[in-house]
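# with the input below, show me the fold.
(one chain, ligands or ions: 1)
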Amino acid sequence: MSDIFLYNSLTKKKEKFEPINTLRVGMYTCGFTVYDYAHIGSCRKYVMDDLLKRVLVYNGYSVTHVQNVTDVGHLVSDANEGEDKMEKGARKYGKDPYEIARFFENYFYESMDKLNIIRPDIICRATEHITEQIQLIQKLIDKGFAYDTPEAVYFEADKFDKYGELFGQRLTDKKTARDNVIKGKYQKSPYDFVLWVKRIGIHKDHIMHWDSPWGDGFPGWHIECSAMSMKYLGEQFDIHTGGEDHLSVHHPNEIAQSEAATGKSPFVKYWVHHAFLMVNGQKMSKSLGNLFTIDDVVNKGFEPLALRYLYLTAHYRDPLNFTWGSLSSAQNALSNLRSQVFAAYSQNQRTVLSFEKDAKREDFARRFRDAINDDLAIPRALAVLWTVLKSNIPSEDKYDLTCEFDQVLGLGLSEIRAGIREEIPDEILELLKQRDKLRKSGNFSEADKIRQEIEIKGYIVNDAKEGSLVRKK
Ligand SMILES: [Zn+2]
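Sure, this is the predicted structure:
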């Protein structure tokens, strides 16, 4: 097995990946807060997680991937303030919070499917793990890491020596940083955070609520990730991912809760954080009107997989700037890629490889693996695929390598062959072949007649240098 190197936010360096158990990797991803439509910024994050998982599988690991659904308790500010996003979302859409939670959860996973993201093995909702969260909070109180007040149960960050290690800030600095933050009346320090919110004050009409040893209320956002990740992956596991926005509050809080409760460190061995997506050089925000969804992408005539292709062109730790122009280039690149793969498949020239070509083939495979195992250098891996398709190795070998690489890239390239066999009738493929011959001999007017014939039969022809691609209208 080759070595994989990953940048670990905890140690702030690229490290050799060595899972706790030799072949089974536990991976937890902070999921989506289902109070509104998932936008292309969130989509990028989850495509990056998908790539990480695929790279691990490509290297022979089996991965247990757990992802939560935040359907309660995520307050408007990631710290302790404001009302619950779910309740706010429910008011905005004039619906029950449970109703919008399920609606936006469906929308989220449908968007993920369109981007060819492999679904997590376990999808867990916060509202369905209230007991686990209550038990964890009780443990923290029993161990002296949490305190009950008339408004909420708080985690006392002062009691946890390593608080803030993840983002390289000492607690004393953090105190200064958060001094100006409005805090709860009974909160001892600004960096303490809520574990259980009581149904009083601005939360008195909170629709989602449960009984607890500390009264009627609902769990805070951070505790759900500790409770559910440890339930499904154990008290210590391999990889935890999330957006870079979680580096300063959510993830340090998860570490504090989990390690304080179990007394085991580290809670997670490798922390992986994804950079933001920018739109037209600006941060995505509602006020700028640049929160696009997968539907917006489709309505503008692009395929969701073109968006995936665009994501693959930037490293996960680098910001990516989205513009409609960049998506259009990605769409063209993807179409071109498909044409080349199709040509490689249809030329079907399996030959005995010369020593030189065999060595070349091996070299491409090695370069691809080196790229993906070097902290997921996907843009470099994508460049290797293009080099393969432009090389002089036999078409069938090009096609085989493409299918192998696509296990990681997830662009659906290996389905081209299946698609041809299942959907395109022989009659159409025969016409396509005749037309390609005519085009190659320069007989464009005859070739055009065949194109019309194909189109009348309900198919569209796309031309590329290497050959043509046909698909259903
Ligand atoms: Zn989380």
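# how far away is the closest residue to the ion within the stretch 301-450 of the chain from Lys231?
As assessed by C-beta to the ion, the ion sits closest to Tyr316 within the stretch 301-450 of the chain, at 17.6 Å. C-beta here means a position set from N, CA and C on the backbone, and glycine is covered the same way. Going from Tyr316 to Lys231 by C-beta to C-beta, to the nearest Å gives 27 Å.
# higher neighbour count, the two?
A count of neighbours by other C-beta atoms under 10 Å puts Tyr316 above the other of Tyr316 and Lys231, at 24 against 17.
# which non-adjacent residue is nearest that one?
Met48 (4.3 Å; C-beta to C-beta, 6 or more residues apart in numbering).
# tell me the pLDDT of that neighbour.
Reported pLDDT at Met48 in the predicted model: 98.
# contacting residues for it?
Thr241, His274, Tyr311, Tyr316, Leu376 (C-beta atoms under 8 Å, 6 or more residues apart in numbering).
# ok, and what's touching the strand or helix carrying the third one?
To tie it back to what came earlier, the one meant is Tyr311. Assigned by DSSP states H and E, Tyr311 belongs to helix 304-312. The contact list for helix 304-312, computed with C-beta under 8 Å, 6+ apart, reads 40, 43-44, 47-48, 51, 111, 114-116, 294, 297-298, 320, 322, 326-327, 330-331, 333-334, 337, 378-379, 382, 409-412.
# which SSE is Ile223 in?
helix 221-233.
# now do that helix, average pLDDT.
Mean predicted confidence for helix 221-233 is 97.
# which positions in that helix come out as buried?
221-233 (16 or more other C-beta atoms under 10 Å).
# ok, which of those also contact the ion?
Applying C-beta under 5 Å from the ion, the subset of the buried residues of helix 221-233 adjacent to the ion comprises Cys225.
# now flag whichever of the buried residues of helix 221-233 is closest to the ion.
Cys225 (3.2 Å).
# tell me which parts of this protein are close to the ion?
Counting by C-beta under 5 Å from the ion, the chain sits next to the ion at Cys30, Cys225.
# the lengthiest helix in the chain packs against which elements?
The helix spanning the most residues in the chain, taking DSSP state H as the definition, is helix 324-347. Here helix 324-347 touches helix 304-312, helix 378-390, helix 395-409, helix 415-423, strand 459-464, strand 467-472, going by 3 or more C-beta pairs under 8 Å, 6 or more residues apart in numbering; DSSP states H and E.
# tell me the helix or strand right after that helix.
Following helix 324-347 toward the C-terminus (DSSP H and E): helix 355-373.
# for whatever helix or strand Lys92 lives in, buried residues please.
Here Lys92 is covered by helix 85-93, with elements defined by DSSP H and E. Buried residues in helix 85-93, counting neighbours by 16+ other C-beta under 10 Å, are found at Lys85, Met86, Glu87, Gly89, Ala90.
# average model confidence for that helix?
The model assigns helix 85-93 a mean pLDDT of 86.
# between helix 221-233 and that helix, find me the angle.
Helix 85-93 and helix 221-233 are oriented at 110 degrees to each other (axes from the mean of the first three to the mean of the last three C-alpha atoms, to 10 degrees).
# ok, now how distant is Thr11 from Pro266?
For Thr11 relative to Pro266 (C-beta to C-beta), the value is 10 Å.
# neighbour count: the two, which is higher?
Set side by side, Thr11 and Pro266 show more neighbours around Pro266, with 16 against 13, by other C-beta under 10 Å.
# so that one, which state does it fall into?
Classification of Pro266 using DSSP: H, G, I helix; E, B strand; the rest coil returns coil.
# before we move on, back to that, what's the angle from the helix or strand encompassing the residue nearest to Tyr316 to helix 355-373?
Using DSSP H and E, Met48 sits in helix 40-58. Relative orientation of helix 40-58 and helix 355-373, computed by the same axes, to 10 degrees: 130 degrees.
# what residues sit buried inside the longest helix of the chain?
Buried residues in helix 324-347 (16+ other C-beta under 10 Å): 327, 330-331, 333-346.
# does Ser414 touch Val408 like I think?
No. Ser414 is beyond contact range of Val408, at 11.3 Å (criterion: C-beta atoms under 8 Å).
# of those two, give the one with the bigger neighbour count.
Legend: neighbour count by other C-beta under 10 Å for Ser414 and Val408, higher for Val408 (27 against 20).
# surely the more buried one meets Ile372?
Yes. Val408 lies in contact with Ile372 (C-beta under 8 Å); the separation is 5.7 Å.
# where does the stretch 351-473 of the chain have low pLDDT?
Applying pLDDT under 70 to the stretch 351-473 of the chain flags residues 351-353, 417-424, 464-473.
# can you pull out the helices in the stretch 151-300 of the chain?
Applying DSSP state H, counting those that start in this stretch to the stretch 151-300 of the chain gives helices spanning 171-178, 221-233, 250-262, 294-299.
# ok so, going back, now, of the helices and strands packed on helix 324-347, which is deepest in the fold?
helix 304-312 (a mean of 23; mean count of other C-beta atoms under 10 Å).
# between the helix holding Ile223 and helix 250-262, how big is the angle?
Going by the same axes, to 10 degrees, helix 221-233 makes 60 degrees with helix 250-262.
# ok, the closest residue in space to His246 that isn't next to it in sequence - contacts?
In this structure, His246 finds its nearest non-sequential neighbour in Cys30, 6.1 Å apart by C-beta to C-beta, 6+ apart. Counting by C-beta under 8 Å, 6+ apart, Cys30 touches Gln67, Asn68, Cys225, His240, Thr241, Gly242, Gly243, His246, His250.
# need the phi and psi values for Cys30.
phi -70, psi 120 (degrees, to the nearest 10).
# do the one 4 residues further on as well
Note on Val34: its backbone torsions stand at phi -90, psi 60 [degrees, to the nearest 10].
# next, count neighbours for the spatially closest residue to it that is not a sequence neighbour.
Leaving aside its chain neighbours, Val34 sits nearest to Phe104 (4.0 Å; criterion: C-beta to C-beta, 6+ apart). Neighbourhood size, Phe104 [other C-beta under 10 Å]: 22.
# same question for the one 5 residues further on.
The tally of other residues near Tyr109 (other C-beta under 10 Å) stands at 20.
# you'd agree Glu87 is up against Ile207?
Yes. Between Glu87 and Ile207 there is a contact at 6.3 Å, judged by C-beta under 8 Å.
# so what sits against both of the two?
Contacts common to Glu87 and Ile207, judged by C-beta under 8 Å, 6+ apart, are Pro97.
# which parts of the protein belong to which domain?
Using automatic domain parsing, the domains assigned to the chain come out as 5-274, 282-419, 424-472.
# among those domains, which is the most enclosed?
domain 5-274 (a mean of 19).
# show me how far that domain is from its chain's centre.
The gap between the average C-alpha position of domain 5-274 and the chain average comes to 16 Å, counting by C-alpha atoms, centre = their mean, to the nearest Å.
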